[in-house]
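Asks: fold the following for me, if possible:
(one chain, ligands or ions: 1)
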Amino acid sequence: MEVVPLTTAGEVAALAADVVEALVRRRPAAVLGLATGSSPLPAYQELTRRHRAGAGPSYDEVTCLNLDEYVGLPPGHEQSYRATIARELTDGLGIDPARVHGPDPGEDGLATAGERYEELILKVGGVDVQLLGIGSDGHLAFNEPGSSLASRTRMKTLTARTRADNARFFGSLDEVPRHVLTQGLGTILRARHLLLVATGAGKAAAVAAAVEGPVSASCPGSVLQLHPHATVLLDEAAASGLERGSYYREVYAGKPAWQGL
Ligand SMILES: N[C@@H]1[C@@H](O)[C@H](O)[C@@H](COP(=O)(O)O)O[C@@H]1O
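Replies: The predicted structure is shown next:
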């Protein structure tokens with residue numbers, strides 16, 4: 001795992017955008033794994049800004065796979081993750097909505113939604129770069145603490161803490177769905193590159209547990225330690241709980257350009 005402690009959230013966003021753009025330039029038909037939540041938003045804004053300024057690559061051939069989705073929201077609900085990703089990123093990059101997929105009960109229903117999404121991920125050749133945020137309790141996508149490290153896409157029940165954290169996007173806590181469909185931790189681990197972004201002091205404990213704590217289902221984010229190519233971009237506040245922060249800074253400062261991220 002490469003931990004990159006930066007200073008500001010703006011630097012995190014710019015570097016995350018650089019990684020995505022470099023991939024799409026190298027591989028125009030790349031498969032991008034997209035996360036929701038507030039953490040990746042500045043990176044999405046940066047990508048959109050560069051694209052509109054004519055500075056980014058063409059996203060015409062890209063395929064996007066969303067990490068997770070609420071269950072039970074009416075189609076097109078503004079807080080559905082499908083609508084959120086379209087609004088925050090893919091529409092702005094000019095990506096055809098038909099190339100953006102997410103776990104979806106669809107006509108065939110919830111019981112087979114997980115399996116169908118796993119098949120789709122395999123069919124498009126797997127995810128090249130998976131953007132990730134982390135929940136304040138260490139959850140990844142909607143894999144709450146206790147999720148199997150080998151899990152695949154399936155329905156999960158949200159914890160009270162995650163529902164409370166996400167209530168800010170809804171009118172009230174009661175409106176936050178209780179159930180979700182989410183890629184599993186085992187699904188996420190199959191992506192070729194994991195790119196986790198975390199900013200703010202509220203994420204410091206979760207980041208420290210994920211990066212330096214034991215690999216455990218109690219901290220789903222700790223599965224990053226099992227991945228051969230995981231990058232963790234942090235602002236100063238999110239990195240503040242790390243024991244080896246000064247070492248990571250030293251490594252990054254001396255990193256040869258040919259290594260890339
Ligand atoms: N399903 C999403 C996660 O993918 C995200 O990482 C988490 C943290 O969100 P935020 O970045 O807003 O703190 O929120 C939700 O639960």
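
Asks: okay, Leu261: pLDDT?
Replies: With respect to pLDDT, Leu261 scores 89.

Asks: quick check, the helix or strand bottoming out on mean pLDDT in the chain touching the ligand?
Replies: Using mean pLDDT, DSSP states H and E, helix 160-166 stands out as the lowest-scoring helix or strand of the chain, at a mean of 92. Yes. Applying Cβ under 6 Å from any ligand atom, one finds helix 160-166 touching the ligand at Thr162, Asn166. Where C-beta positions appear, they are placed from N, C-alpha and C, glycine not excepted.

Asks: right, and the helix or strand after that helix?
Replies: Where DSSP states H and E defines the elements, the next helix or strand beyond helix 160-166 is strand 179-182.

Asks: which strands border that next one, and is each parallel or antiparallel?
Replies: Sheet partners assigned to strand 179-182 using DSSP bridges are listed as strand 68-70 (antiparallel), strand 154-157 (antiparallel).

Asks: and Thr112, how far from the ligand?
Replies: Per Cβ to the nearest ligand atom, to the nearest Å, Thr112 is found 22 Å from the ligand.

Asks: so which of the strands paired with strand 179-182 gets nearest the ligand?
Replies: For those, the distance to the ligand is smallest for strand 68-70, at 5.0 Å, taking Cβ to the nearest ligand atom.

Asks: could you point out which element follows the longest helix anywhere in the chain?
Replies: Assignment by DSSP state H gives helix 9-26 as the longest helix of the chain. Proceeding N to C from helix 9-26, the next assigned helix or strand is strand 31-34, under DSSP H and E.

Asks: quick one: contacts for Val129?
Replies: Contacts for Val129 (Cβ atoms under 8 Å, 6 or more residues apart in numbering) come out as Val19, Val20, Leu23, Ala30, Leu32, Gly33, Ala191, Arg192, His193, Leu194, Leu195.

Asks: so what touches the helix or strand harbouring Leu233?
Replies: According to DSSP H and E, Leu233 maps onto strand 230-234. Residues external to strand 230-234 that are found in contact with it (Cβ under 8 Å, 6+ apart): 1-6, 12, 15-16, 19, 193-199, 207, 210-211, 224, 242, 261.

Asks: which ones among those map onto helices?
Replies: Val12, Leu15, Ala16, Val19, Val207, Ala210, Val211.

Asks: columns neighbour count and distance to the ligand on top of those residues, output as TSV?
Replies: Shown next, in TSV, are the ones in helices among the contacts of strand 230-234 (neighbours: other Cβ atoms under 10 Å; distance: Cβ to the nearest ligand atom, whole Å):
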residue	neighbour count	distance to the ligand
Val12	25	12
Leu15	18	17
Ala16	25	13
Val19	18	17
Val207	26	12
Ala210	26	11
Val211	26	15
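
Asks: Asp68: which of those is nearest?
Replies: Nearest to Asp68 among these, counting by Cβ to Cβ, is Ala210 at 17.5 Å.

Asks: help me confirm that that closest one comes into contact with His227.
Replies: No. Using Cβ atoms under 8 Å, Ala210 is not in contact with His227, being 11.6 Å away.

Asks: before we move on, the earlier item: would the strand holding Leu233 count as contacting the ligand?
Replies: No. Under the criterion of Cβ under 6 Å from any ligand atom, the ligand is not reached by strand 230-234; the shortest gap measures 12.8 Å.

Asks: direction included, what does that strand pair up with?
Replies: Strand 230-234 has its sheet partners listed here by DSSP bridges as strand 2-5 (parallel), strand 193-198 (parallel).

Asks: would the longest one count as contacting the ligand?
Replies: No. Shown here: strand 193-198 not in contact with the ligand (Cβ under 6 Å from any ligand atom), separated by at least 7.8 Å.

Asks: average pLDDT for that strand?
Replies: Here the average pLDDT along strand 193-198 is 98.

Asks: chain center to it, what's the gap?
Replies: Put simply, strand 193-198 sits 7 Å off its chain's centre (Cα atoms, centre = their mean, to the nearest Å).
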